[in-house]
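Peer 1: below: sequence and its predicted model.
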Amino acid sequence: MSYNTRMETLDEIKTRIEAAVPGAQLQIIANDSPSAQTSLLVDSPHAVAVAKFLRDDVRLCLDFASNVTGVDWPERIEKTKTKVKKLVEGVEKEVEEITEKTIPGYLEVVYHLYSMEKKHGPVILRLRTGNRTDSVTVPSLTSLWRGCELQEREVFDLYGVKFEGHPDLRRILMWDEFKDHPMRRDYVEPNDYEYEPTPHDEVLERAKANQTPGIV
C-alpha cells in the first residue's frame, strides 16, 4: 500500500490521532513568531499513546526526536479588549472595555519530531504540568525515542519537570545538592561568587562585593 508523501497538516494529524487514541485531549497551539510553527498540545494521560501513534503511523513515521526543551509560564494576567454599547450622558455610545483574566502558571515540555525515513517534519508536541509547584509531572517519552533521555534530564534539572517512567532521572548540569531550577523565570541568582579575574563585568563586581576583606 502506498501513501501520498505530502506531509499532512497538523489539523489532519490531529483528526487521525483522535480516531486512533480515544479520549485524547488535543489542542493546536498557534505561533505568532516568524517561524509560525504551530504545535500540538496533548494531555498527559494520553501522551505516550499519542507519541506512539506519531512514531509508528506509516504515513508519519516520526522516528527521531531532535530536540526536547522546557518552557516556564508563570501566572500572568491576560487582557482582552471588547467593544460594548453604553449610555454616556444619556447617549448610547460604543465604548471599549478591558477585561482581565488570570492564567495560572505551568511548565511545558516541547518535543520536535522528524521522520528520517520519510524526510519530513517537524511535528511539535507539547506537554503541560498542572502547575509550577506540586503538580509538575509528565510522562517520559524516552521509551519511544531514546534520544529524549538526556534532554529530559536537562529539562528536569533546569525547570523542575518530573518525567514519570524515565529510566535515570537525575540532574545533568547542576550538582545533586542544588536546590533550585536555574531556567525558571523567578529564579534568583545566588550572590556568593568567589573572587576570580573574569571578563564578565557583572559577575566580577558581584564577586568583589562578596570577597572577604584581607583575602585575595
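Peer 2: Structure's in. What do you need?
Peer 1: can you show me the strands along this protein?
Peer 2: Assigned by DSSP state E, the strands in the chain fall at 26-29, 39-42, 64-73, 76-88, 91-103, 106-115, 120-128, 137-139, 162-164.
Peer 1: in a markdown table: those strands, plus mean pLDDT and mean neighbour count.
Peer 2: (Each C-beta comes from the backbone N, C-alpha and C, glycine too.) Conversion of those to a markdown table gives the following (pLDDT from 0 to 100; neighbours: other Cβ atoms under 10 Å):
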| stretch | mean pLDDT | mean neighbour count |
| --- | --- | --- |
| strand 26-29 | 97 | 14 |
| strand 39-42 | 98 | 21 |
| strand 64-73 | 97 | 18 |
| strand 76-88 | 84 | 9 |
| strand 91-103 | 86 | 9 |
| strand 106-115 | 98 | 22 |
| strand 120-128 | 96 | 19 |
| strand 137-139 | 98 | 20 |
| strand 162-164 | 98 | 17 |
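Peer 1: what would those look like in a markdown table with distance to R146?
Peer 2: Below are the strands of the chain laid out as a markdown table (distance: least, Cβ to Cβ, whole Å):
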| stretch | distance to R146 |
| --- | --- |
| strand 26-29 | 25 |
| strand 39-42 | 20 |
| strand 64-73 | 9 |
| strand 76-88 | 36 |
| strand 91-103 | 35 |
| strand 106-115 | 13 |
| strand 120-128 | 16 |
| strand 137-139 | 16 |
| strand 162-164 | 14 |
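Peer 1: which of those strands sits closest to M174?
Peer 2: Taking Cβ to Cβ, strand 64-73 is the member of those nearest to M174, at 14.0 Å.
Peer 1: counting by contacts, list what the closest one packs against.
Peer 2: strand 106-115, helix 148-159 (3 or more Cβ pairs under 8 Å, 6 or more residues apart in numbering; DSSP states H and E).
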